[in-house]
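[1] Model the following, please.
(chains A and B)
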Amino acid sequence: GQQVQQSPTSLVLQEGENAELQCNFSTSLNSMQWFYQRPGGSLVSVFYNPSGTKQSGRLTSTTVIKERRSSLHISSSQITDSGTYLCAMERGGRALIFGTGTTVSVSP
Amino acid sequence: NAGVIQTPRHKVTGKGQEATLWCEPISGHSAVFWYRQTIVQGLEFLTYFRNQAPIDDSGMPKERFSAQMPNQSHSTLKIQSTQPQDSAVYLCASSAGGGSSQNTLYFGAGTRLSVL
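    Model prediction:
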């Protein structure tokens, strides 16, 4: 089964709304990362977050390793936030394993 | 810093032909990863190298796929006898390795392979 589960699968927002994306891991992990991908675009790392809370602009990531979960909070969403957000886990020096992503659509 | 460079951006092959995909990691990065992305399967890990040595190829289809890293400045992914189900975007990524933010993965723009 999926080792990395993301929810929701998709999200539609009105500009200015907040959103919370969830990532849950079925196995223990060392760290995790959040990535962003614009349609047809490259994957860009948003956060490398092995634990705790990190903030970058309107994005905040909170990871609780012991509980095998991480969240990404988008505040005051903008149209340019539209795209797919993927989380990925790192385990024991092995390559990242990705979730299937949350597709976010922000409309005016 | 030009980022991770992948060539070609698009490749179309006929069924049964060979395809070779190229990746130039970020200079100084010690780890290189190959993934493929499809709508159905999402991002699937294929293989990775650290300091040019193959570390984990557990995601590679065993029979027709091979990857090499002959020097620190490039890696290749070769698919022999391509099949329609090989159609995907193949992504290369590199990281500096080590701890903390050095583990951040940087992806190339990908090679879109279409097997007719």
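[2] Can you tell me the centre-most residue of chain B?
    B:Trp34 (3.1 Å; CA atoms, centre = their mean).
[3] That residue against B:Ile79, yeah?
    No: at 11.1 Å, B:Trp34 does not count as touching B:Ile79 under the criterion of CB atoms under 8 Å. In this view, the C-beta of every residue, glycine as well, is placed from N, C-alpha and C.
[4] Quickly find the element holding the residue nearest to the centre of chain B.
    strand B:31-38 (DSSP states H and E).
[5] Tell me the buried residues in stretch A:63-76?
    Across stretch A:63-76, burial judged by 16 or more other CB atoms under 10 Å in any protein chain shown covers A:Thr63, A:Ile65, A:Arg68, A:Arg69, A:Ser70, A:Ser71, A:Leu72, A:Ile74.
[6] measure it end to end?
    21 Å (CA to CA, to the nearest Å).
[7] need the residues of chain A near chain B, please.
    A:31, A:33, A:35, A:41-45, A:48, A:86, A:88, A:90, A:94-101 (CB under 8 Å from any CB of the partner chain).
[8] just the buried residues of stretch A:63-76 now: which is nearest B:Ser87?
    The closest of these to B:Ser87 turns out to be A:Leu72 (CB to CB; 30.4 Å).
[9] In a strand, the closest one, correct?
    Yes: according to DSSP: H, G, I helix; E, B strand; the rest coil, A:Leu72 belongs to a strand.
[10] Now it. Nearest residue, chain neighbours left out?
    Leaving aside its sequence neighbours, A:Leu72 sits nearest to A:Leu21 (CB to CB, 6 or more residues apart in numbering or on different chains; 4.4 Å).
[11] who are the neighbours in contact with the one you found?
    A:Gln6, A:Ser7, A:Pro8, A:Leu11, A:Ser71, A:Leu72, A:His73, A:Ile74, A:Tyr85, A:Cys87, A:Thr102, A:Val104 (CB atoms under 8 Å, 6 or more residues apart in numbering or on different chains).
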